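> Dropping the sequence and predicted coords here.
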Amino acid sequence: MIINILASQYKASLGMLNQALEKIPSDQWNSDEYNNPNWQIAYHTVWATKFYLGAHVEGYRPFENAIDGAESLGGTEEWENTDKGVKVEDFHSKEELMAFISHLTDNLERAIAALPLERDSGFEWYPYSRLELHINNIRHIQHHTAQIIERLKANGINGFNWWANENPPQTW
């Protein structure tokens with residue numbers, strides 16, 4: 001039951017991210033208005049989701065056509081910016097990121113069920129259980145989804161629905 005609940009909440013969070021990405025106008029996709037453009041925040045989010053669904057660092061396999069260093073948002077903490085010399089030269093398209101989200105969504109139950117929830121997270125910087133890591137991962141998706149939505153709302157783009165679970169919300 002817990003695996004199904006976690007998968008449903010991951011799908012809801014990723015559904016909301018996907019909804020936000022659909023609404024980003026092309027001129028705001030890779031805009032230099034912010035330190036990190038919208039596409040990079042979305043990429044960071046799906047990259048991290050996939051990363052933390054895995055067992056450990058050594059087992060991570062990036063998405064096809066991944067852009068090295070794009071997952072880092074360049075924070076000031078060492079853990080936020082491990083590749084300080086990397087300059088991101090290219091960017092992922094909206095279609096690529098939505099395909100990454102679809103890939104994650106299609107494989108959630110298997111990924112969650114593969115590792116015991118009561119065991120260690122598998123990442124030394126997260127000294128708690130795998131279950132808590134899943135909750136943290138879902139919160140991370142929501143954090144960056146809200147960041148993108150706030151940017152869009154500031155530019156007059158509205159109409160974002162809350163997804164309570166994996167089922168798309170009804171239009172009001």
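All right, it came through fine. A quick note: this is a predicted structure, and the numbers were derived from the prediction, not measured. Residues are numbered from 1 along each chain as shown.
> what are the ranges of the helices in the chain?
Listed in chain order, the helices of the chain (DSSP state H) span residues 2-23, 26-29, 38-53, 94-106, 108-113, 130-154.
> if I pick residue 54, what's in contact with it?
Each residue near residue 54 by C-beta atoms under 8 Å, 6 or more residues apart in numbering is listed here: 60, 111, 122. Backbone N, C-alpha and C define where each C-beta goes, glycine included.
> Which single one of the residues you listed is nearest to residue 134?
Using C-beta to C-beta, residue 111 comes nearest to residue 134 of those, at 9.7 Å.
> Out of the helices of the chain, which is the most enclosed?
Comparing the helices of the chain on average neighbours per residue, with mean count of other C-beta atoms under 10 Å, the densest one is helix 38-53 at a mean of 22.
> picking that back up, which of the helices of the chain sits closest to residue 164?
helix 2-23 (6.6 Å).
> From the contact counts, what lies against the closest one?
helix 38-53, helix 94-106, helix 108-113, helix 130-154 (3 or more C-beta pairs under 8 Å, 6 or more residues apart in numbering; DSSP states H and E).
> 6 Å instead, please
Contacts defined by 3 or more C-beta pairs under 6 Å, 6 or more residues apart in numbering; DSSP states H and E place helix 2-23 against helix 94-106, helix 108-113, helix 130-154.
> Which residues are in contact with residue 16?
Residues in contact with residue 16 (C-beta atoms under 6 Å, 6 or more residues apart in numbering) are 145, 163.
> and the gap between it and residue 59?
Residue 16 sits 27 Å away from residue 59, going by C-beta to C-beta, to the nearest Å.
> Could you say which one of the helices of the chain comes nearest to residue 74?
Using C-beta to C-beta, the nearest of these to residue 74 is helix 38-53, at 9.4 Å.
> how about the helices of the chain in CSV, adding mean pLDDT?
Supplementary listing: the helices of the chain in CSV, determined by pLDDT from 0 to 100:
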stretch, mean pLDDT
helix 2-23, 96
helix 26-29, 96
helix 38-53, 96
helix 94-106, 96
helix 108-113, 96
helix 130-154, 97
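> I appreciate the help and will end here.
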